[in-house]
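J.: Requesting a structural model of the entry that follows:
(chains A and B)
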Amino acid sequence: MKKTTLFLASTFLTVAGAFAQSTFPTEVEPDWDATEIVMMDESPMESQIIFTGGVDMVQTKSGETEAKQWHDFIGFTPVTDEDCVPEGAIGWVSVNHEMIAKDEKIGDGGGMTSFLVKRAEDGTFEVLDQTLSDGREGKFFNVDFSGVGETGMNCGGINSSIDGRIWTAEEWFRTSNESINDEGDGVRDISDYTIKYTDFDFANFQTIEKYQNFNWMVEIDPRNAKAIRKQYNWGRQGFEGGAIAPDNQTVYLGVDANPTFFTKFVADEPGDFTKGSLYVYKHDAADKWIEIDNEDFDKMLNYQDEAIAVNATMYNRIEWVTIDKNSGKVYLTETGRDNIGEKWADEAAAGAVFAPHHQTRAESMGLATPDATYTDYYGRILEFDPETNEFSVYLAGGPELAEENVAEADYPDKHLSNPDGLNLLYLNDKTYMLICEDLNGTSYGRMPAEFASNRMCELYMLDMSVEDPSIDDLLRIAQTPAGAEITGVCPTPDGKTIMFNSQHPSSDNPAPYNNSLTIALHGMDELINALEVTDFAPTNSDSFQIYPNPVERIVYLSKKTDVALYDVTGKRVAVYRNRKSFDVTNLNPGVYFVVTKDKETKKLVIK
Amino acid sequence: MKALKYFSILTIGIIIFSTLLSNQKKKGVYSEKSIKEVNTLFQQQISDFELEILEFEKAVQQNSKSKIQESYKKLRNTFKKAGLYIAYLDTEANDRFINGAPLLKIMKKTPELSIVQPKGMQVIDELMAEDLANPEIKKELVQKVQLLKRHYKDVKLYISRLSLTDRQVFEIIRQEIIRITTFGITGFDTPGTLNGISDSYYSFLEMKEIIEAYKEEMKNVNRIDLYKETIKIFDEGLKQLKHNDFEKFDRLIFIKKVINPLYGNIKKIHFALGYETIDEVYFGKKTTNYEVENLFEENFVNKEYFTTYKKEKNHEKVVKLGKLLFNDPVLSSTKQMACVSCHQADKAFTDGQKTSISNAGEFVKRNSPTLNYSIFATKYLHDLRADRLEDQYEHVITNPDEFNSSYQQIIKDLQSSPTYQKMFEEAFEGKEISTTTIDHAITAFIMDLTPFDNDVDLYFQNKKVVLKPEIKRGFNLFTGKAACATCHFIPLYNGTVPPNYVDTESEVLGVPKTKEDQTVLDDDLGRYGNKRPKEHAPHYKNSFKTPTLRNIANTAPYMHNGVFSTLEEVMEFYNNGGGAGQGMKLDNQTLSDAPLDLTEQEISDIIAFMKALSDKKTFENKVELPKDFPNQEWNNRKVKVDY
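T.: The predicted structure follows:
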């Protein structure tokens, strides 16, 4: 009888054990020897904070003071043979400050900071001491805008890939002096401004209200930390980005507005942007580019009205613009705005026309046109071919509602929506696109349900030799802490380093948490070389395999499944459901067991 | 005998074998079935809601008031069965289009200041309380219903393609329990019809049905007892919610007997079944601690979410240093002013002044807010111009009327004291005196000022059995008829919005300049003047942060300008419908201008309840200030109190 009881008891025990509901028990006893080991190496990239707003001291014409915050655009101007600079210096970095605030020393409004860097032996940057032509000495220099009637809300800009010339974009469109004055805390001098001694005869001796002297593209000289000119001949708009074509004559301009009208300027002579013609794009016109008289100052002040009057094509908030110097193709981020249909209604009624890809989207949503109910949550990257003068969608943000792909592929680890900053990096005869995400919201899957209350933004890289790229082809380079925003991505011409800003970072961020940071990420060349020899994208196979990518800190799986991670003590620490990849950014280095719901196991070592 | 014995063993063997087989079979089927069943239910509810919107759209086009009301009733009931999924799966869209508060909002990330009109069920509920015979009201209602239909189409398209996991199911229920407590039974969700009790009944039905799907799984893990206990609590809740009487509903008993036990039990079920929790899925900071079982416990809302400071093993040393800095006038340029000047421990860290006193002995613009529980916010200062405690200090430090100094100066001064140097080094393990370490020390001190030990807390934590009847009545009025809890959300009694706790609200109350003439608005523009370009919106004129009411007995005088000196005066102001209710010209008041019609007895009950929100634990200011500064004068420094 005793034996029987024992037999019964043990049977029940096994049965009870087998009936635990979760596929992944909270504790297991891992088999240490039987499992294959896979290593997740340390990232080959090294990050370095090179410029901190509010902490680093900048040199102004009235002495030294803390740098402004709200870093946005970054430009890089390579040193040339004519430059007289310390040995090893490679170029000037210029950083925008997107704000309007009073400042006794820096000057009211926004501004820029420029500095000269050298690459040290270990590959990192060193900010060099300089003495400027106006006598200022130090490392960081406030760009002096006093000669052009001040500046404000310096958001994006243009960085010529030909010679590194820099323009800063005065973005947030202002319609009154009150809005720039901000009850005395913004631009304090709001007396009328008379334009004088510029290269533009049509603008000289025009007296305008102070706010009208904002929202131009402004060229600056990073070497002397001084503004050169406001481009009164490019129209007054809420500029965000732009690009200079390889001919050094054509400029494509991005404007963050609802709607955006796509604009180009063609200089009469290469390199001289003070004379030339201005055009707005109209996709359904015979010539596609319609000239706007840019020697008529009234038309330049009211550019938007002129664009509407010629029934130009409307886009949904174009942010950054960049040009592939080899193919000549133009890439633009159309970041999107949720309720864009409402915003276009007036302009559409006045004759402006919808871009074809918005018409197509609207039809797929069951609308006749992108009317007042039309929405655009995710944004996209557009490609413009100057040879055909046609646009196409290069990379759609998503998970697009009209498709069935919401839980497919690498979502949610990769979730690009509302692209903003855009740049190109050239290395080994290949072109890589760098894309900054700046989410407009978290709804409709822009942030996966797990993270809904915490908006994060990512920096991605795309190998442009991939045909018909999708979000799955993106390589994640960096991720900001909750609440922060990655802006201004800018590669150095040697392809070794990319720089970007982390704007208004919040919680979770390493100190100095409450300052805007300019970060340099070194080792891009090594990373790209590594990518050439290793294929991180797993092929479908019957046996379970894992492929850790040390740069992205993402582990890819050979099939879509549920996995649990157990630590060395056998405690369950992470569970990922219905996924083809998982993110290990927040896991401590160490040894983990990766177990699938079918009990396939791999040992993962995270370094 | 022998044969019989073998027979019985054999029989038992067969029984066991067959049980095993059937259980094996069940295991395969059932472990899939719970979540499968829940997903079927979820899909059903979100589709039903869409159908009811269409029905309601038809109904509002008709002229029969009773038909509209009948259809609205059905719409609400269906919504309550779908709303918990929608709010969880797409919080932002829910807030913008489906069930956000009927207030103007600012759209984020637009190239211009963009103010959006409220939309969704709460706006519709307000209209349902109006005269439906009025063609204007009718027209607006039709328009709002059509907007709801349009926006819900997008929301549904997205969420219908998601498939819930077990973890999410339990999170959905626990979030809904918080929502019922803070938005449902308080009337927040139904600002017009006050249908919150009936609403909650339907939410309960849905939650119960979800849990019923787990019956077999609970059997399989031998916890049918826990399952049955939970169903019993659901039934008790349904019984209490059955009578849709907004004023008579006993919220205190409901929270004590139903809400808190249920919130705990859902977690216990989740853990018993061994499914992963959010802590194994998302590794960033979370606003609530999943393992906490009671809404009134100290760690229910996660303090660490709100700060960049991270509690580590040296926490006590950091707090000690923070307390010292808090009390040390060496931080100010006059060496006579410290944080404590305006935040005194015996007054719940306020100063008892109408508005605080500057370094020159003058009154500053605003009243000193309490620091107890101030950690639970994502916006700071009365005008909401800072996002975190750490960002707020700078405003005091650089203000010419206050510390009139800079971080650079403070760092330099502190570095000259060996005691301070040593304390920073020990507290922050070798990190130097910097903006960050100073901020973190003060924050560490402030975040610990949250004992959660007042009478009402203790009652809900089951550490105290009896509450005085007037406190009980006061609680029920506060969360019911007097509508206080629709802005001062329980259990924090502040404006940090549940159940996600990521936004801190401000309100326009029409606070008068003087209490003698309550038709004249105080000229402080509040949030409108906070210098954040994207908050420069007319609806933020005279809008101020909603503070916590914890320790309110100790924080007089009240309001941003300290205009009211007693709680009686405050209650009278609210009872009259704020400024607008008393004839003040103010078109953007967010407080209803209708009188609350509270009797004297009711007012005194609410005050009795508010007085019961005083912490038992006391704090004191006493510190030993370091006296090893090379500047001898500083070593005799004292906080100046006599102006």
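J.: which stretches of chain A form helices?
T.: A:2-18, A:177-181, A:297-301, A:303-309, A:340-349, A:356-364, A:524-533 (DSSP state H).
J.: what about these, which gets the closest to chain B?
T.: helix A:2-18 (5.9 Å; C-beta to the nearest C-beta). All C-beta atoms are positioned from the backbone trio N, CA, C, and that covers glycine.
J.: Quick check: chain neighbours aside, which residue is closest to the residue of the stretch 151-300 of chain A found nearest chain B?
T.: Closest to chain B within the stretch 151-300 of chain A is A:Asp256: 4.5 Å, counting by C-beta to the nearest C-beta. Distance criterion C-beta to C-beta, 6 or more residues apart in numbering or on different chains; nearest residue to A:Asp256, sequence neighbours excluded, is A:Glu240 at 4.1 Å.
J.: A:Tyr547 too?
T.: Nearest residue to A:Tyr547 in three dimensions, chain neighbours excluded: A:Tyr556, at 4.3 Å (C-beta to C-beta, 6+ apart).
J.: With distance to A:Ile74, mean neighbour count and mean pLDDT added, can I get the helices of chain A in a markdown table?
T.: Output for the helices of chain A, formatted as a markdown table (distance: least, C-beta to C-beta, whole Å; neighbours: other C-beta atoms under 10 Å in any protein chain shown; pLDDT from 0 to 100):
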| stretch | distance to A:Ile74 | mean neighbour count | mean pLDDT |
| --- | --- | --- | --- |
| helix A:2-18 | 58 | 11 | 38 |
| helix A:177-181 | 25 | 19 | 89 |
| helix A:297-301 | 28 | 18 | 97 |
| helix A:303-309 | 27 | 20 | 97 |
| helix A:340-349 | 28 | 18 | 95 |
| helix A:356-364 | 30 | 17 | 94 |
| helix A:524-533 | 15 | 16 | 82 |
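J.: As TSV, those helices with distance to A:Phe202 would be great.
T.: Putting these into TSV (distance: least, C-beta to C-beta, whole Å) gives the following:
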stretch	distance to A:Phe202
helix A:2-18	85
helix A:177-181	23
helix A:297-301	5
helix A:303-309	14
helix A:340-349	26
helix A:356-364	35
helix A:524-533	44
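J.: Need those helices in a markdown table (columns: distance to chain B).
T.: Shown next, in a markdown table, are the helices of chain A (distance: least, C-beta to the nearest C-beta, whole Å):
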| stretch | distance to chain B |
| --- | --- |
| helix A:2-18 | 6 |
| helix A:177-181 | 8 |
| helix A:297-301 | 18 |
| helix A:303-309 | 12 |
| helix A:340-349 | 9 |
| helix A:356-364 | 12 |
| helix A:524-533 | 24 |
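J.: between those, which one is nearest to B:Glu394?
T.: Of all these, it is helix A:177-181 that lies closest to B:Glu394, at 23.1 Å by C-beta to C-beta.
J.: Residues touching the closest one, excluding its own?
T.: A:100, A:109, A:152, A:174, A:186-188, A:190, A:209-211, A:214, B:533 (C-beta atoms under 8 Å, 6 or more residues apart in numbering or on different chains).
J.: swap the cut-off to 10 Å and go again
T.: Contacts with helix A:177-181, where a contact means C-beta atoms under 10 Å, 6 or more residues apart in numbering or on different chains, come from A:100, A:102, A:108-109, A:150, A:152-153, A:172-174, A:186-192, A:209-214, B:113, B:533, B:536.
J.: I'd like to know which of those are part of strands.
T.: Of these, the ones assigned to strands by DSSP state E are A:100, A:109.
J.: ok, A:Asp562 - contacts?
T.: A:23-24, A:575-579, A:595-598, B:165, B:276.
J.: Quick check: the gap between B:Cys339 and chain A.
T.: According to C-beta to the nearest C-beta, to the nearest Å, B:Cys339 stands 19 Å off from chain A.
J.: Let me see the contact set for that residue.
T.: The contact partners of B:Cys339, taken as C-beta under 10 Å, 6+ apart, are B:322-323, B:325-329, B:331-332, B:349, B:371, B:393, B:396-397, B:402-403, B:442, B:445-446, B:639.
J.: Swap in 6 Å and give it another go.
T.: B:Phe326 (C-beta atoms under 6 Å, 6 or more residues apart in numbering or on different chains).
J.: circling back to that earlier point, ramachandran angles for the residue of the stretch 151-300 of chain A closest to chain B?
T.: Dihedral pair for A:Asp256: phi -90, psi 90, per degrees, to the nearest 10.
J.: Quick check: the gap between it and A:Tyr279.
T.: Distance, A:Asp256 to A:Tyr279, by C-beta to C-beta, to the nearest Å: 20 Å.
J.: Looking only at neighbour counts, state which of those two leads.
T.: Neighbours per residue (other C-beta atoms under 10 Å in any protein chain shown) separate A:Asp256 from A:Tyr279, with A:Asp256 holding more: 27 against 21.
J.: tally of neighbours for A:Val573?
T.: Residues near A:Val573, counting by other C-beta under 10 Å: 18.
J.: picking up where we left off before, quick one: the residue of the stretch 151-300 of chain A closest to chain B and B:Lys215, what's the gap?
T.: Relative to B:Lys215, and taking C-beta to C-beta, A:Asp256 is found at 55 Å.
J.: Touching, the residue of the stretch 151-300 of chain A closest to chain B and A:Arg317? I think so.
T.: Yes - counting by C-beta atoms under 6 Å, A:Arg317 is a contact partner of A:Asp256 at 5.4 Å.
J.: B:Ala553: what's it in contact with?
T.: With contacts defined as C-beta under 6 Å, 6+ apart, B:Ala553 is in contact with B:611, B:614.
J.: Tell me the predicted confidence for the residue nearest the centre of chain A.
T.: For chain A, A:Cys436 is the residue whose C-alpha lies nearest the centre (C-alpha atoms, centre = their mean; 2.2 Å). As predicted, A:Cys436 sits at a pLDDT of 93.
J.: That one is in contact with A:Glu485, isn't it?
T.: No - applying C-beta under 6 Å, one finds A:Cys436 not in contact with A:Glu485, separated by 8.1 Å.
J.: B:Thr546: how many residues sit nearby?
T.: 23.
J.: Quick one: residues contacting it.
T.: Going by C-beta under 6 Å, 6+ apart, B:Thr546 touches B:487, B:494-495, B:505, B:507.
J.: Ramachandran coordinates for it?
T.: phi -80, psi 110.
J.: which one is it nearest to, not counting chain neighbours?
T.: Nearest residue to B:Thr546, sequence neighbours excluded (C-beta to C-beta, 6+ apart): B:Gly495, at 2.7 Å.
J.: count of neighbours near the one you found?
T.: 23.
J.: pLDDT at it, what is it?
T.: Predicted confidence (pLDDT) for B:Gly495: 97.
J.: for A:Ala257, same thing?
T.: pLDDT for A:Ala257: 93.
J.: Provide a list of residues in contact with it.
T.: The contact partners of A:Ala257, taken as C-beta under 6 Å, 6+ apart, are A:238, B:111.
J.: separation between it and A:Arg174?
T.: 12 Å.
J.: try A:Glu467
T.: Taking C-beta to C-beta, one finds A:Glu467 at 43 Å from A:Arg174.
J.: A:Tyr377 now?
T.: Taking C-beta to C-beta, one finds A:Tyr377 at 28 Å from A:Arg174.
J.: can you check B:Ile197 too?
T.: 50 Å.
J.: Same question for B:Leu467.
T.: Distance from B:Leu467 to A:Arg174, by C-beta to C-beta: 57 Å.
J.: Since that was my last question, I'll sign off now.
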